[in-house]
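Q: got a sequence here, can you model it:
(one chain, ligands or ions: 2)
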Amino acid sequence: MKPSVPVITVTLNPALDKTVTIERFEYGGLNRIKEMRTDAGGKGINVAKVLKNFEVNASAMGFAAGYQGQVIRDKLETLGIRSVLTEAEGETRVNLKVVDESTRQTTELNEPGFTVDGALLEQFQKALKSGAEETSIIVLGGSLPPGTPRDYYRSLIEIANTQGIRTVLDADGDALALGIEASPFAIKPNIHELEALLGDTFDSTERLIGAARTLIDGGIEYVLVSMGAEGSLLVNRHEAVRASPFPITPVSTVGAGDSMVAALVYSFLHGKSFEDTARWTSAAGTITASKPGTQVCTLQEVEQSVQLVELTHY
Ligand SMILES: Nc1ncnc2c1ncn2[C@@H]1O[C@H](COP(=O)(O)OP(=O)(O)OP(=O)(O)O)[C@@H](O)[C@H]1O
Ligand SMILES: O=P(O)(O)OC[C@@]1(O)O[C@H](CO)[C@@H](O)[C@@H]1O
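A: Ligands and ions are numbered 1, 2, ... in the order given. Got it, this is the predicted structure:
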């Protein structure tokens, strides 16, 4: 019997994340690297890593190319994550994450990635359709590789909708703007992505809730907005809760947003209350922000800290 796979994550543009730590980053100067690590990255892949830690069976689908693509597959296999990454031509990107120890800030340098063609994209749609037969949630995350039509997420969400599968979209720019036209079940923009999407700035929680409700009126069920150290806001048609993270020493915030997406999926699968969902997503993001490289939170760490998240109801 085939094992049931409740979640598929889609990463069309994966990356080998190379995180370098520098004592004090000097723009325009010579910077000596103190520590370095590489992780399998890309938003959907990070979500799959967290779900693995949360004991949820997930399949990481998408593309990969060349030597770096194989490194990613091998790393996922070592982590015990099932991956179905269709081979593309060229080479998978290396995304450089520079952690400045003095400011605790991370600067990200993301490559565009390999180029894909129409035939490969069509093949992927078919693979997703048949792979999703036993799936209840599909997560679509990250940038689209060059050659991908900007409305590709919309087409994948439409496929999921016709199969009665819930979707969570975490993208920015046109990929997000066009993707939401198909009414994904949930989205997780950060505040900057949301402001860019709606062409406005939101200087109060009330205004932010109003913006989220505009999207909900368009057919999305849940909007989770992340705001870095300022925490997050979870909104649906009836409720809105702001979550303030517990104090941490940020080490590398890369993957923090993806950990929130994974906790959102986990909360949906376990039928958690709206309030608990706000706690779980916040705790997951916060713990990952306190870890080096693209390393992510564990189930035990999140369970131990959910009660430390402070909630404000609106
Ligand atoms: N400096 C910080 N201190 C405490 N918590 C943080 C900090 N930075 C991030 N977090 C936690 O991580 C969550 C997600 O952060 P952020 O809004 O930066 O996500 P993001 O931009 O989607 O990140 P990424 O795309 O790199 O995964 C926040 O809601 C918060 O809980
Ligand atoms: O360039 P994209 O696809 O928008 O984002 C890719 C990326 O920055 O997102 C993840 C963190 O969320 C990293 O693992 C990866 O390098």
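
Q: who in the stretch 101-250 of the chain is up against ligand 1?
A: Residues of the stretch 101-250 of the chain lying near ligand 1 by CB under 6 Å from any ligand atom: Asn190, Ser226, Met227, Gly228, Ala229, Gly231, Ser232, Pro245, Ile248, Pro250. (Each C-beta comes from the backbone N, C-alpha and C, glycine too.)

Q: was I right about the first one contacting Ala229?
A: No: counting by CB atoms under 8 Å, Asn190 sits too far from Ala229 to count as a contact (11.9 Å).

Q: who's more crowded, the two?
A: Asn190 (19 against 12; other CB atoms under 10 Å).

Q: if that one is in a bridge, with which residues?
A: Per DSSP bridges, the residues bridged to Asn190 are Ser226.

Q: distance from the top helix by length along the chain to the middle of the chain?
A: Counting residues, the longest helix in the chain under DSSP state H turns out to be helix 274-289. Its chain's C-alpha centre and that of helix 274-289 lie 14 Å apart, by CA atoms, centre = their mean, to the nearest Å.

Q: okay, buried residues for the next helix or strand after it please.
A: Downstream of helix 274-289, the first helix or strand assigned by DSSP states H and E is helix 299-305. Buried residues in helix 299-305, defined by neighbour count with 16 or more other CB atoms under 10 Å: Leu299, Glu301, Val302, Ser305.

Q: ok, the last one - contacts?
A: Under the criterion of CB atoms under 8 Å, 6 or more residues apart in numbering, the neighbours of Ser305 are Phe246, Ala283, Thr286, Ile287.

Q: which of these tops the neighbour count?
A: Counting neighbours by other CB under 10 Å, the top entry in the contacts of Ser305 is Thr286, with 29 neighbours.

Q: separation between that one and Glu310?
A: Counting by CB to CB, to the nearest Å, the gap between Thr286 and Glu310 amounts to 11 Å.

Q: overlap of the contact sets of those two?
A: Common neighbours of Thr286 and Glu310 (CB under 8 Å, 6+ apart) are Phe246.

Q: before we move on, what SS does Glu122 have?
A: What DSSP: H, G, I helix; E, B strand; the rest coil gives for Glu122 is helix.

Q: repeat for Asp39
A: With three-state DSSP as the basis, Asp39 sits in strand.

Q: my guess is it contacts Lys291, does it?
A: No: if you go by CB under 8 Å, Asp39 and Lys291 don't touch, sitting 10.5 Å apart.

Q: higher neighbour count, these two?
A: Set side by side, Asp39 and Lys291 show more neighbours around Asp39, with 25 against 21, by other CB under 10 Å.
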